[in-house]
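Q: Dropping a prediction and its sequence here:
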Amino acid sequence: MKILLINGSLRGDYSSSLKVAHAFVKGMVEEYGADTEVCEVALKDKRIDHCHGCFVCWKTTPGQCCIHDDMDELRQMVMDSDIIVESFPLYFFGLPSKLKAFTDRMISYVQEYRGNPGDEENHRFLHNMRYPELEKKKLILVSTCGYEVTDNCYDAVFAEFDRICGEGKYTTVLAPQGGPLSEQGFAEKVARYLEKFKEAGHEYAREGCLSERTWNKLQRPLLGHSTFEMAINMNWDNPEVGVERGDTKEICSEACLCDREWRNPYPVPAQGNVGRQKGNERCVEKRQLCCLFQSHKSCGWVLYDTTVW
């Protein structure tokens, strides 16, 4: 089994989406076994020119692009792989520019449009794959977004891949609240959060797809509403807050803390399990989770949140 992991983030190794993709792929590798080969490539390090729209790959040299850059190597890597995992953050409700360029250049792998109405029975729209072996490959889209939930945020992405691959011909693994995944203060909570993506990777390797129950489980956000709202407002309102190249900065200055009166907004919660809740054939633990950004040196503040996992 050969897995190609394509990192479409311009942040490279510091991508929050890549953390999720690594967890998911790790689960697949553990399930498939030691013979599984994983090849990871970062598009930000590759030279990928934009599609020129010349249609040479359809008319003059079918299947062969007239532009020779790193896409020559990437196309061959796709052909040599059994599973292609595309990892990317949501950029303005679409694909990051490098991944969009990569996707556009893959047009040489589909047949030209000749006026056919599309094959609704096989969920294929307007274009058929040029090479039969492409039909056997599996595509997984792993993505994070900066919004509290993923609802309605990926409509444009889904529409594009529905028409390229065919509706239902690919798998999506989505995670909301991508920003906190790179914050050092959330490290322990993120580690637990990523475990469910690894478990999903196990399921995908066993079943070839994800159940609706698992997909819904992956949509549960990392942070509760109040903590997430406070976190993003602190990020946008204060230049000293944020993540740069994966390193957590001081969450706020002393003036920021005192002006906003965010010192110890909640009492320190008890640690560990505080109860169990059943429903819809699932049992989840309700934990009091300390969502610690970074304790301020002089004010000694800390931020807490209660989340149902």
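A: Happy to help now that I have it.
Q: Could you use CA atoms for every contact and neighbour count after this?
A: OK.
Q: ok, Trp215 touching Thr171?
A: No: contact status for Trp215 versus Thr171: not in contact, 10.0 Å apart, counting by C-alpha atoms under 8 Å.
Q: would you list every one of the helices in the stretch 1-150 of the chain?
A: Shown for the stretch 1-150 of the chain, the helices assigned by DSSP state H, counting those that start in this stretch span residues 16-32, 56-59, 71-79, 97-105.
Q: who wins for proximity to Leu141 among those helices?
A: helix 16-32 (8.9 Å; C-alpha to C-alpha).
Q: Would you double-check that Gly168 falls in a helix?
A: No: Gly168: not assigned to a helix; according to DSSP: H, G, I helix; E, B strand; the rest coil it is coil.
Q: For the remainder of this discussion, apply numbering that starts at 13.
A: That works, and once the first residue is 13, the last one we named lands at Gly180.
Q: can you count the residues close to it?
A: 12 (other C-alpha atoms under 10 Å).
Q: The helix or strand harbouring Ala171 relative to helix 109-117, how many degrees between them?
A: According to DSSP states H and E, Ala171 maps onto helix 167-177. Angle between the axes of helix 167-177 and helix 109-117 is 30 degrees (criterion: axes from the mean of the first three to the mean of the last three C-alpha atoms, to 10 degrees).
Q: What residues of helix 167-177 count as buried?
A: 170, 173-174, 176-177 (16 or more other C-alpha atoms under 10 Å).
Q: other SSEs contacting the helix or strand following it?
A: Using DSSP H and E, the helix or strand that follows helix 167-177 towards the C-terminus is strand 183-187. Strand 183-187 sits against strand 150-156, helix 224-230, with contacts defined as 3 or more C-alpha pairs under 8 Å, 6 or more residues apart in numbering; DSSP states H and E.
Q: What lies in contact with strand 183-187?
A: 32, 151-157, 161-162, 221-222, 227, 230-231, 233 (C-alpha atoms under 8 Å, 6 or more residues apart in numbering).
Q: Can you pick out the most distant pair from those?
A: Using C-alpha to C-alpha, the pair of the contacts of strand 183-187 lying farthest apart is Leu151 and Pro233, separated by 24.1 Å.
Q: pretty sure Leu206 is in a helix, no?
A: Yes: looking at Leu206 with three-state DSSP, it is inside a helix.
Q: quick one: the strands in this protein?
A: 14-19, 49-54, 95-101, 150-156, 183-187, 255-256, 259-260, 285-291, 294-301, 317-320 (DSSP state E).
Q: Low-confidence bits of the chain, can you list those?
A: The chain contains residues with pLDDT under 70 at 130-137, 251-321.
Q: Could you rerun that using 90?
A: 46, 125-141, 144, 146-147, 175-180, 191-201, 235, 239-321 (pLDDT under 90).
Q: how does it divide into domains?
A: Following automatic domain parsing, one finds the domains of the chain at 14-230, 237-320.
Q: end-to-end on the first one?
A: Yep, that's domain 14-230 we're talking about. 25 Å (C-alpha to C-alpha, to the nearest Å).
Q: Cys69 - how many residues pack around it?
A: Using other C-alpha under 10 Å: Cys69 sits among 22 other residues.
Q: right, I mislabeled it, should have said Ser21
A: 27.
Q: what bridges to Tyr151?
A: Quick fix: residue 151 is Leu, not Tyr. Ile96 (DSSP bridges).
Q: For it, which residues are in contact?
A: 95-98, 181-183.
Q: The same query, at a cut-off of 6 Å, please.
A: 95-97, 182 (C-alpha atoms under 6 Å, 6 or more residues apart in numbering).
Q: just those residues now: which is nearest Cys69?
A: Ile96 (22.3 Å).
Q: my guess is the closest one meets Lys14, correct?
A: No: assessed by C-alpha atoms under 6 Å, Ile96 is found out of contact with Lys14, at 8.7 Å.
Q: quick one, which of the two is more surrounded?
A: Ile96 (23 against 17).
Q: give the contact list for the spatially most central residue of the chain.
A: Centrality entry for the chain: nearest residue to the mean C-alpha point is Ser155, 1.8 Å, by C-alpha atoms, centre = their mean. Ser155 sits next to 29, 99-101, 186 when contact means C-alpha under 6 Å, 6+ apart.
Q: For it, list each beta-bridge partner.
A: Applying DSSP bridges, one finds that Ser155 bridges with Phe100, Leu186.
Q: so how far is Met91 from it?
A: Ser155 is 23 Å from Met91, by C-alpha to C-alpha.
Q: cool, Tyr182 as well?
A: Counting by C-alpha to C-alpha, the gap from Tyr182 to Met91 is 16 Å.
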